[in-house]
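S.K.: Sequence plus predicted model, see below.
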Amino acid sequence: MLEKMFKLKENHTTAKTEILAGITTFMTMAYILAVNPSILSATGMDSGAVFTATVLASFLGTVCMALFANYPFALAPGMGLNAYFAYTVVLGMGYPWQSALAAVFVEGVVFILLSLLNVREAIFNSIPANLKKAVSVGIGLFIAFIGLQNAKIVVGGSTLVELFSLEAIEGATMKDAGITVLLAIIGVLITAVLVIKGIKGNILWGILITWVLGIICQFAGLYVPNPELGYYGLLPDFSSGISIPSIAPIFMKLDFTSIPLAEFIVIIFAFLFVDMFDTLGTLIGVASKADMLDKDGKLPNIKGALLADAVATTAGAVLGTSTTTTFVESASGVTEGGRTGLTAVTTAILFALALLLSPIFLAIPSFATAPALIVVGFYMVNQVGMIDFSDFSEGIPAFVCIAAMPFFYSISEGISMGVITYVVLNVCTGKVKEKKISVVMYILALLFLLKYFLI
């Protein structure tokens, strides 16, 4: 049945590989189950209800990805988009969270229409091949940077970012921040050794071994939890028993009346813009890494993938969470060999189980998942050798795209800068006919420029 549904042989994979890849993807993105409720609860939303909404939206979106497109990509409420929801729309502009949910809902409906009309597919196909490879490389650096930050290997400092030191984090000691940074570095080395040795499931094993080492350190007194700094116990906490938080406080609480129409449209556009290009960037980057693009650089079944993303966003708003999008951490499962929707289904099932076993999943610390993100970044950066830097009109936009993602901390900003640079340089140097730049690229460049002036 699995073979018929997911076409495993056709995609040169096995059920065991797909399931292992799905577990790996979940392990690297399980942090969203803790982070999303924390961010959205700042708006006054019930954190327990947000946890349940996050799980349900992730489950639904990831299953849709498997059924609509048979791809190994997982979805969840997106980082950055949840921060915009909470800190800009609600806390910054002063609108109620119910109105922000309404904006996300409308964005989702617009996305569904754009997906059905093939507008998003046309955008994907219009991006030049070198720029698509650059997106993959940029995402690799971005993922690695996230891993380094999550582990506190790099921290904020006088040079914007700098190597960890106890002085950089007020109140930190070797028994909380210090030991976790050391464990993360050891985890990177362990994962790298497993990769070099060709051990199957190397990234997942790296996560689990690093976590177990942390637990051993906690028992030995080398690691002492310090909740004030965000360092918690590493053992699952079942003191409250097993229960599913009610979603009632936020379910179907959409308010379309509290925001003036003009501002409502601007908010919708901001959600729409970031979600569209984060999703396209993730699909381009991860699909490139998995060799899923065809000879013309197009992704078969992309319509189904984009539709899954749009449906998940719309349903997520009704459930009570911010924009649901395709997660870049899907790259970890792809790196493990995931090639079909069975990987996505496995990840979705684990999200569902998280409702009952949340203490276990939420106990996985960021220093244990950080090595996985860093190693996945390495895997994706190797696409840089496939970019044609000898043609400066191709190489410079690719470089700008690559550099922008980690430096601006945004996949969509990297794509924006890459597209604008590509069009401007080729127009100014008279290479338009030679490159056969599509009309869509001109429209994208113009919209990106307008975005910087208007938003």
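M.R.: Structure's in. What do you need?
S.K.: show me where pLDDT drops low in the protein?
M.R.: Where the chain drops to pLDDT under 70, the residues are 80, 240, 361-362, 454-455.
S.K.: change it to 50
M.R.: Nowhere does the chain drop to pLDDT under 50.
S.K.: Domain boundaries for it, per the record?
M.R.: 2-385, 386-454 (automatic domain parsing).
S.K.: so of those, which one's packed in deepest?
M.R.: domain 2-385 (a mean of 21; mean count of other Cβ atoms under 10 Å). The way it works is simple: take the backbone N, C-alpha and C, and place the C-beta from them, glycine included.
S.K.: Quote the end-to-end distance of that domain.
M.R.: 36 Å (Cα to Cα, to the nearest Å).
S.K.: ok, residues contacting stretch 159-172?
M.R.: 152-157, 173-174, 177-178, 181, 226, 228-229 (Cβ atoms under 8 Å, 6 or more residues apart in numbering).
S.K.: Closest to residue 209 out of those?
M.R.: Taking Cβ to Cβ as the measure, residue 209 sits nearest to residue 181 out of the contacts of stretch 159-172, at 16.7 Å.
S.K.: Just to check, the closest one is in contact with residue 153?
M.R.: Yes - judged on Cβ atoms under 8 Å, residue 181 makes contact with residue 153 at a distance of 5.7 Å.
S.K.: so who does the spatially closest residue to residue 320 that is not a sequence neighbour touch?
M.R.: In this structure, residue 320 finds its nearest non-sequential neighbour in residue 250, 3.0 Å apart by Cβ to Cβ, 6 or more residues apart in numbering. Shown in contact with residue 250 (Cβ under 8 Å, 6+ apart): 45, 46, 49, 50, 53, 97, 101, 319, 320, 321.
S.K.: phi, psi of the last one?
M.R.: Okay, so that is residue 321. Here is the backbone geometry of residue 321 (degrees, to the nearest 10): phi -140, psi 170.
S.K.: Distance-wise, check it relative to residue 47.
M.R.: 12 Å (Cβ to Cβ, to the nearest Å).
S.K.: can you check residue 65 too?
M.R.: 27 Å.
S.K.: How about residue 131?
M.R.: 40 Å.
S.K.: next one: residue 374
M.R.: 29 Å.
S.K.: ok, now residue 88?
M.R.: Distance from residue 88 to residue 47, by Cβ to Cβ: 20 Å.
S.K.: Grab the CA positions of the helix or strand residue 184 falls within and hand them over as CSV.
M.R.: Residue 184 is part of helix 179-197 when elements are defined by DSSP states H and E. Presented in CSV, the C-alpha positions along helix 179-197 are these (Å, rounded to 0.1, in the frame of the first residue of the first chain):
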residue,chain,number,x,y,z
ILE,A,179,28.3,23.4,29.4
THR,A,180,25.5,23.5,26.9
VAL,A,181,27.8,25.4,24.4
LEU,A,182,30.4,22.7,24.9
LEU,A,183,27.8,19.9,24.5
ALA,A,184,26.6,21.5,21.2
ILE,A,185,30.2,21.7,19.9
ILE,A,186,30.7,18.1,20.9
GLY,A,187,27.4,17.2,19.2
VAL,A,188,28.6,18.9,15.9
LEU,A,189,31.8,16.8,16.0
ILE,A,190,29.9,13.6,16.8
THR,A,191,27.4,14.2,14.0
ALA,A,192,30.3,15.0,11.6
VAL,A,193,32.0,11.8,12.5
LEU,A,194,28.8,9.8,11.9
VAL,A,195,28.4,11.6,8.5
ILE,A,196,32.0,10.8,7.5
LYS,A,197,31.5,7.2,8.5
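S.K.: Give me the spatial nearest neighbour of residue 394, chain neighbours excluded.
M.R.: Closest to residue 394 by Cβ to Cβ, 6+ apart is residue 130, at 4.5 Å.
S.K.: Work out for me the element that neighbour sits within.
M.R.: Secondary structure (DSSP H and E) places residue 130 in helix 129-150.
S.K.: My guess is residue 246 contacts residue 52. True?
M.R.: Yes - counting by Cβ under 8 Å, residue 52 is a contact partner of residue 246 at 7.2 Å.
S.K.: who's in contact with stretch 400-420?
M.R.: Outside stretch 400-420, the residues that touch it by Cβ under 8 Å, 6+ apart are 80, 127, 131, 134-135, 137-139, 141-142, 144-145, 273-274, 276-278, 280-282, 285, 328, 384, 397-398, 421, 441, 444-445, 448-449, 451-452.
S.K.: returning to that earlier point: so how far is the helix holding residue 130 off the chain centroid?
M.R.: 11 Å (Cα atoms, centre = their mean, to the nearest Å).
S.K.: for residue 87, what are its contacts?
M.R.: So residue 87 contacts residue 42 (Cβ under 8 Å, 6+ apart).
S.K.: again but with residue 78, I slipped
M.R.: Contacts of residue 78 by Cβ under 8 Å, 6+ apart are 275, 278, 322, 323, 324, 325, 327.
S.K.: one more time with 6 Å
M.R.: By Cβ atoms under 6 Å, 6 or more residues apart in numbering, the contact list for residue 78 reads 323, 325.
S.K.: Next one: it from residue 351, what distance?
M.R.: 15 Å.
S.K.: And for residue 325?
M.R.: Distance from residue 325 to residue 351, counting by Cβ to Cβ: 15 Å.
S.K.: next one: residue 68
M.R.: Relative to residue 351, and taking Cβ to Cβ, residue 68 is found at 17 Å.
S.K.: which stretches of the stretch 201-350 of the chain form helices?
M.R.: 202-219, 261-289, 302-319, 330-335, 341-361 (DSSP state H, counting those that start in this stretch).
S.K.: Dump these into a markdown table; add distance to residue 40 as well.
M.R.: Output for the helices of the stretch 201-350 of the chain, formatted as a markdown table (distance: least, Cβ to Cβ, whole Å):
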| stretch | distance to residue 40 |
| --- | --- |
| helix 202-219 | 26 |
| helix 261-289 | 14 |
| helix 302-319 | 11 |
| helix 330-335 | 22 |
| helix 341-361 | 16 |
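S.K.: Tell me which helix or strand comes right after the helix holding residue 130.
M.R.: Downstream of helix 129-150, the next assigned helix or strand under DSSP H and E is strand 154-157.
S.K.: gap between that next one and the chain center?
M.R.: For strand 154-157 - counting by Cα atoms, centre = their mean - the centre lies 22 Å from the chain centre.
S.K.: next one: stretch 235-247
M.R.: With Cα atoms, centre = their mean, you get 26 Å for stretch 235-247.
S.K.: Endpoints of that stretch, how far apart?
M.R.: So stretch 235-247: terminal residues 26 Å apart, Cα to Cα.
S.K.: which residues are contacting it?
M.R.: 48, 49, 51, 52, 53, 355, 356, 359, 360, 363.
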